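Asks: make a model of this:
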Amino acid sequence: MKKALLLTALFAAAGLAQAESATYKLDPNHTAVTFEAKHFGISTLRGRWDKKEGTVTLDKAAKTGKVEFTLDMNSISTGSAGFDRHLKGDDFFSAEKFPTVKFVGDKFSFDGDKVASVSGLLTIRDQTHPVTLTATSFNCFEHPMLKREVCGGDFEATIQRSLWGVTYAPQVTPDNVRLLIEVEAVKQ
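Replies: As a prediction, this is how the structure comes out:
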């Protein structure tokens, strides 16, 4: 009887150990958030946010997680200082009034052991709407230099900027904006 109880306790403990979630901190040097939008239908405008931070909690066994990341709107960069100022202004992001963009996702979808998508809420200009980030790749590995697990991938979504009150010049730039996120996060 004692042996059976001990075996049951060991199996239960092993199951709990496998179902534990881990927290990962975004590596800002290996994480990029960029956007693409058409310009008069002939070329594609591209930009990025240079300052970003966030965390991911991931339970691979339970296939659950939570991601939170924040973008500093004053760090937007297109390669053109004048255009950057315009994007930070009231016509677009009103960065002085709304200095951050935030995404909180807690609905993870998996394809086998790999994250396939993350759904959550995106807040821009103090307006919040649902967004699903679809993974085009995802993987985890033991980093040889950090000696810790690193997980990451490439994610994308197309959003309608007007939902967040960014309605300036629809004849110049259409409503659909593509977000591309490449992320690496280090286990803490």
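
Asks: what does whichever strand or helix holds residue 54 rub up against?
Replies: Taking DSSP states H and E as the criterion, residue 54 maps to strand 52-59. Identification of contacts with strand 52-59 by CB atoms under 8 Å, 6 or more residues apart in numbering yields 19-26, 28, 31, 33, 64-72, 75, 108, 115, 151, 185. Backbone N, C-alpha and C define where each C-beta goes, glycine included.

Asks: which among the residues you listed end up buried?
Replies: Buried members of the contacts of strand 52-59, scored by 16 or more other CB atoms under 10 Å, are 22, 24, 26, 31, 33, 65-71, 108, 115, 151, 185.

Asks: what are the ranges of the strands in this protein?
Replies: Assigned by DSSP state E, the strands in the chain fall at 22-26, 32-39, 43-49, 52-59, 64-72, 76-77, 100-111, 114-124, 127-142, 149-160, 176-187.

Asks: and residue 179, how far is that from residue 155?
Replies: 8 Å (CB to CB, to the nearest Å).

Asks: overlap in contacts of these two?
Replies: Between them, residue 179 and residue 155 share the contacting residues residue 133, judged by CB under 8 Å, 6+ apart.
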